[in-house]
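J.: Provided below for reference: sequence and predicted model.
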Amino acid sequence: VLGLLVWALIADTTYHLHAAYGWVMFVSIFFWIVTVLFFVTYLLQLQLKFYVIPWPLVLMIFNAVATVLYITAFVTCAAAVQPTRGPRGWGGRRVHAWGVLLFQFFACLAMVAYGASTFFSFRAWKGLGSNAATSQVTDHA
């Protein structure tokens, strides 16, 4: 949901006029699509059919890369904002500034969510989040 909000808000701006917004648009759409694909994979339990793929490791790497690239997108957007620029007319500059501010807010939330997912993916990859029942089942199997 956060990724959808991020790329919808950046698509509403004049991103085609600023090269920096193009990078932000790429990061937000790419990771939204891949996140939806991972969600559908887990929803349909397709990861059980592809058991040779180390899913916890794949998810940890994906979330870590998403976090880093969202950080770069956030910094790029923050550096490219020019508060005196924007469409003229009825409050155009204020509306543009609020749109960019909302985008940065949701991009920051998405970045934090991917960072938290990286942490939990790391714990799952290392097996730190298992309970006594799952550890006994995997030890004797």
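T.: All right, it came through fine.
J.: which other helices and strands contact the longest helix seen in the chain?
T.: In the chain, taking DSSP state H as the definition, the longest helix is helix 92-126. Counting contacts by 3 or more C-beta pairs under 8 Å, 6 or more residues apart in numbering; DSSP states H and E, helix 92-126 packs against helix 2-12, helix 19-43, helix 55-80. From N, CA and C alone the C-beta is placed, and that goes for glycine too.
J.: report the angle between the axes of the second one and helix 55-80?
T.: Meaning helix 19-43. 160 degrees (axes from the mean of the first three to the mean of the last three C-alpha atoms, to 10 degrees).
J.: how is this structure carved up into domains?
T.: 16-50, 51-81 (the TED database).
J.: could you dump those domains into CSV and include mean pLDDT, distance to F106 and mean neighbour count?
T.: Shown next, in CSV, are the domains of the chain (pLDDT from 0 to 100; distance: least, C-beta to C-beta, whole Å; neighbours: other C-beta atoms under 10 Å):
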stretch, mean pLDDT, distance to F106, mean neighbour count
domain 16-50, 85, 9, 15
domain 51-81, 87, 10, 16
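J.: with respect to F122, which of the ones you listed lies nearest?
T.: With C-beta to C-beta as the measure, domain 51-81 is the member of the domains of the chain nearest F122 (5.3 Å).
J.: now the closest one: how far from the chain's centre is it?
T.: Centroid displacement of domain 51-81 relative to its chain, using C-alpha atoms, centre = their mean, to the nearest Å, is 6 Å.
J.: how far off helix 55-80 does the longest helix of the chain point, in degrees?
T.: Between helix 92-126 and helix 55-80, the angle comes out at 160 degrees (the same axes, to 10 degrees).
J.: quick one on the thing from earlier: distance to R123 for the helices and strands packed on helix 92-126 - can I get that in JSON lines?
T.: Shown next, in JSON lines, are the helices and strands packed on helix 92-126 (distance: least, C-beta to C-beta, whole Å):
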{"stretch": "helix 2-12", "distance to R123": "21"}
{"stretch": "helix 19-43", "distance to R123": "17"}
{"stretch": "helix 55-80", "distance to R123": "9"}
